[in-house]
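**Student:** Only the shape, not the letters, is given here:
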């Protein structure tokens, strides 16, 4: 089944404790991105990747890192999480770069930083 | 700046009634427009999209949307709502060559029996 998977689905952590949220897609997609969803703000892009080893900042990149060493994986790293990073995170992928390529979203990761 | 506004945060309709969710966008060029649905605990699913051509687009699950350039709107409609349509709905515009989607704030739909 074609899908985007994220792990973990739920995470409660404390301020400053490094964490990684994994994202993997099995559709051989070139483009992957991370969004965060906050009430009243919709989804905002954090980082995106156009291909292996090619990443760039989205609208809200502060406090996050990403890497794209393999085509299928695009982990989101929070080196020193803070409470304002408490949010619902979505990974997405698409076959190509242009917005006319349908983006497929993962199920989301709900992160709470205490 | 590019933006998307969904004026209604929460809408309640009775099952079987018609539905219209509003979306207004601000975008300099011809917009690529999308509607997504997010069911509880699920990721986002694409309902429909508009790139060009016929301004009335059909999507999945019986939804349709109409692009009105003069009003900068892309409202989502369904003639008869089912209880399973209860979810959060997001309107989005595609931005440039980066593949980024700019989302509205979302509208939560509640369906009364």
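**Tutor:** Noted; the coordinates are in hand. Everything numeric in this text was worked out from a predicted model, so none of it was measured.
**Student:** Which parts of chain B are helices?
**Tutor:** Secondary structure of chain B by DSSP state H: no helices are present.
**Student:** Point out the residues in it that sit beside chain A.
**Tutor:** Residues of chain B found near chain A (Cβ under 8 Å from any Cβ of the partner chain) are B:4, B:6, B:9, B:32, B:36, B:41-46, B:49, B:51, B:90, B:92, B:94-101, B:103-106. Where you see a C-beta, it was placed from the backbone N, CA and C, and this is true even at glycine.
**Student:** From the residues you listed, list just the buried residues.
**Tutor:** By neighbour count, with 16 or more other Cβ atoms under 10 Å in any protein chain shown, these hold B:4, B:6, B:32, B:36, B:43-44, B:46, B:49, B:90, B:92, B:94-95, B:98-101, B:103-106 as buried.
**Student:** Give the full set of residues in contact with residue B:65.
**Tutor:** B:33, B:35, B:47, B:48, B:50, B:56, B:57, B:59, B:74, B:75, B:76, B:77 (Cβ atoms under 8 Å, 6 or more residues apart in numbering or on different chains).
**Student:** Surely the fourth one and residue B:62 touch.
**Tutor:** Which is residue B:48. No: counting by Cβ atoms under 8 Å, residue B:48 stays clear of residue B:62, with 10.7 Å between them.
**Student:** Those two - which one has more neighbours?
**Tutor:** residue B:48 (18 against 14; other Cβ atoms under 10 Å in any protein chain shown).
**Student:** Bridged to the more buried one, which residues?
**Tutor:** Under DSSP bridges, the beta-bridge partners of residue B:48 are residue B:35.
**Student:** Nothing else from me, thank you.
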